[in-house]
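Visitor: Here is my input; please provide its structure:
(chains A and B)
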Amino acid sequence: MTLEQYTAQYLNQARQGDALAREKLLAQAKPFIQGTCAKVCGRSLEWGRDDELSIGLMAFNEAIDRFEDERKIPFLGFARLVMKSRLSDFFRREARHRHQPLEYQAGDNAPVQMDTAQAWEKYLLEAEARERQEEVVEFQKELSLYDIGVGELADASPKHRDSRENLLTAAKHVAEQPGLMEHLIRTRRLPVKELALSCGLHRKTIEKGRRYIIAMALLLHQRERFIYLYSYLKLTGWSEGEGGSHCG
Amino acid sequence: MVKGILLQKKGPAGVVMTPDGRFVRVLLIKNQRTLGQEVAGTELRFPSLLQGVAVASILILVCVIGLWAKMMPGSAAAYVALDINPSLELAIDNEGKVINAEGLDGEGRELLKKVDPKNLVVYQAVELLVAGASRYNYLNDTNNVVLATVTPTKQNQKVVDEEKLEAAVNDTVAGLATPVKVVTERATVQEHKQASKQGVSVGRYLIHQGSTKQGAQISIEEVKKKGLGQLEKEKGIEIQLLLPHPKLRVNEIQPTKMEPEKDLESPDAGKPGQLLPAKPGFEAGKPTEPLKQIPPGLIIKEQIHQRLQNSKPMQNKDDPGQRKQEDKEYDEDEDEEEEDNKDHEKDDDEDEERRDDRRQKPLGPPPHLKDSGESVLEKLQERQGHHREEEHPPGKPGQGPKGTEKED
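Guide: Numbering: from 1, shown residues only, chains lettered A, B, ... in the order given. Predicted coordinates for the structure are as follows:
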């Protein structure tokens, strides 16, 4: 099961006070927390060694409490935002620690705790907007590695629902089978022959929808990187469909 | 309206990703142009190449047709065939202007070379042509019939008014010394087609048809070659009787005086619509014979002679000396010849010979203009004014038509 599936399954239970569900969710989220924190800090982190990870875990826990569906932010994106903000608070505090005498440190926590709700809201909105923007730019960059422009994608994206579903299934196949994905990343080409075998589409169909398949496969494969985009997709039969079994 | 995450923007346009995994180009709404946000916009559909090609080809086709129609002269709304002796045909456009003039025989073409009716209103054109014909001596004693046949290309379209046309011809003809019979006729498009297939004018074609219908055989060849007046005289027919719905007017001619005994025998011989042999009581005294013998023709011929006598008293008919002189001057002096021609009854054979002469060698224009013809032409030219001034400079006395021809 993917993290998304865990969150979909356990988030509401955890929010309603199910300690076991919360525990499971946190355990599943550990790699995500580690990745996010490492990215924010700019270095690799290890459980049990780096404080940043515990800060991240605490922030993730906080995110479970503070999450609101109405915000229309995917939970993981929201959690990442919370983690980032907590980490930056932590860095600020650390920096102050280095230069200030010990006696001033006692009251330091107070201003952070007293963040007004308004300020938090504002921060969240701004941060989210920025993150979304960054994510889109990143997605564009990723696509450009494969010589795909967004405009081309719009031209290549199939208009008919059936053909779109076909290509999406192919993309899922690519994203879920490590061999295929690895081939794609290494050669920047779609393993057409293997893909045709595995998903049963005709070679020509795959070649025609090449750009669309690549884009979707990237999006699906790096779903933690493109949280907002991925969560926006409402792919039929994805969250609890055949996809999960392949992933293992 | 499409909703999706904005992935790219370029001015008012952008690309969004929709929840169902489509990437769509949209036209963005103002104030909603941050990347990564969910935005709404109207989908932009770019027509496919095939559609584009189709639209483009249709546009090009329309343009080409438009241009073509402009380049081509406006289609003829009616044709007016004019049979004097020269046969010619005028194509008339919607506004009643002559857009094309075509000679249907050699004489017709020659006349058109001398007189150009293009771009004139049809009535003026016809006047000009009739005047020209008389001036260049196509319209004379032998050929004293003008047949104008109007063929409207569309039914119920009145581009050319027959009454007016007739009036126009009559106006011109009124000034001539010779009596001229003017017949107008209306023909259908089919007849026009048939006629052009046979290479004759519609009017002549109708005469041929009428003659076959009523039993008097006039072959196409004859119709083609001979002038109408000549035909009338030779065959002893009256063309208006052969036409389906003619209108007849004879200028300068008092209603033909019938010889008393014939009047008695056939009181309505002269009326149109009754070809003479069809009348059972007609020529009762003689044994009934097939039409080819044309007994009625004789009557008509006599009538014509009578008519001529009436209209113009003979001056020199019994003067042999004068006669000889005329013979000498025959070639150069048309005027005299004109007079000469009046002497029909003197010797029919001689007359015939002379006609043949003329057929073989159509006479050029007379060295001296006929007074009457000149005046009519001048009148016309003055009326038409500036168009034609350079072609036929009016009012140059003493200058023969040959000089004019050279200028042309």
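
Visitor: List phi and psi for B:Lys3.
Guide: Geometry field for B:Lys3 lists phi and psi as phi -110, psi 140, criterion degrees, to the nearest 10.

Visitor: ok, now how distant is it from B:Pro19?
Guide: Using C-beta to C-beta, to the nearest Å, B:Lys3 is found at 8 Å from B:Pro19. Where you see a C-beta, it was placed from the backbone N, CA and C, and this is true even at glycine.

Visitor: What confidence value was assigned to the residue in the stretch 101-250 of chain B that chain A sits nearest to?
Guide: Evaluated by C-beta to the nearest C-beta, the stretch 101-250 of chain B has B:Lys154 as its residue closest to chain A, separated by 50.5 Å. According to the model's per-residue confidence, B:Lys154 sits at a pLDDT of 71.

Visitor: now do B:Gly103
Guide: Among the per-residue scores, B:Gly103 shows a pLDDT of 82.

Visitor: what does the one 4 residues further on give?
Guide: The per-residue pLDDT reported for B:Glu107 equals 78.

Visitor: Show me what the helix or strand harbouring it packs onto, helices and strands only.
Guide: Following DSSP states H and E, the helix or strand that holds B:Glu107 is helix B:106-114. In terms of contact count using 3 or more C-beta pairs under 8 Å, 6 or more residues apart in numbering or on different chains; DSSP states H and E, helix B:106-114 is assigned the packing partners strand B:87-92, strand B:98-103, helix B:122-135, helix B:401-407.

Visitor: Need these in TSV (columns: mean neighbour count and distance to A:Gly35).
Guide: As requested, those are exported to TSV (neighbours: other C-beta atoms under 10 Å in any protein chain shown; distance: least, C-beta to C-beta, whole Å):
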stretch	mean neighbour count	distance to A:Gly35
strand B:87-92	25	89
strand B:98-103	18	87
helix B:122-135	26	95
helix B:401-407	13	104
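
Visitor: returning to what we had before: return the set of buried residues in the helix holding B:Glu107.
Guide: Of the residues in helix B:106-114, those with enough neighbours to count as buried (16 or more other C-beta atoms under 10 Å in any protein chain shown) are B:Glu107, B:Gly108, B:Glu110, B:Leu111, B:Leu112, B:Lys114.

Visitor: quick one, strands of chain B?
Guide: Remark: strands assigned in chain B by DSSP state E are B:2-10, B:13-17, B:23-28, B:38-43, B:78-83, B:87-92, B:98-103, B:145-152, B:181-186, B:247-250.

Visitor: Just the local confidence number for the residue of chain A at minimum distance from chain B, please.
Guide: Shortest chain A-to-chain B distance, computed as C-beta to the nearest C-beta: residue-wise this is A:Arg132, at 2.9 Å. In this model, A:Arg132 is scored at 89, pLDDT.

Visitor: which secondary structure element contains it?
Guide: When the helices and strands are read off by DSSP H and E, the one containing A:Arg132 is helix A:117-145.

Visitor: by contact count, what packs against that helix?
Guide: Taking 3+ C-beta pairs under 8 Å, 6+ apart as the contact cut, helix A:117-145 packs with helix A:75-99, helix A:150-156, helix A:210-221, helix A:227-232, strand B:2-10.

Visitor: Excluding chain neighbours, what is closest to the residue positioned nearest the centre of chain A?
Guide: Chain A has A:Glu224 as the residue nearest its centroid, 2.4 Å off, counting by C-alpha atoms, centre = their mean. Excluding its sequence neighbours, the residue lying closest to A:Glu224 (C-beta to C-beta, 6 or more residues apart in numbering or on different chains) is A:Phe32, at 6.0 Å.

Visitor: For the one you found, list the residues it contacts.
Guide: Counting by C-beta atoms under 8 Å, 6 or more residues apart in numbering or on different chains, A:Phe32 makes contact with A:Leu3, A:Leu76, A:Ala79, A:Glu224.
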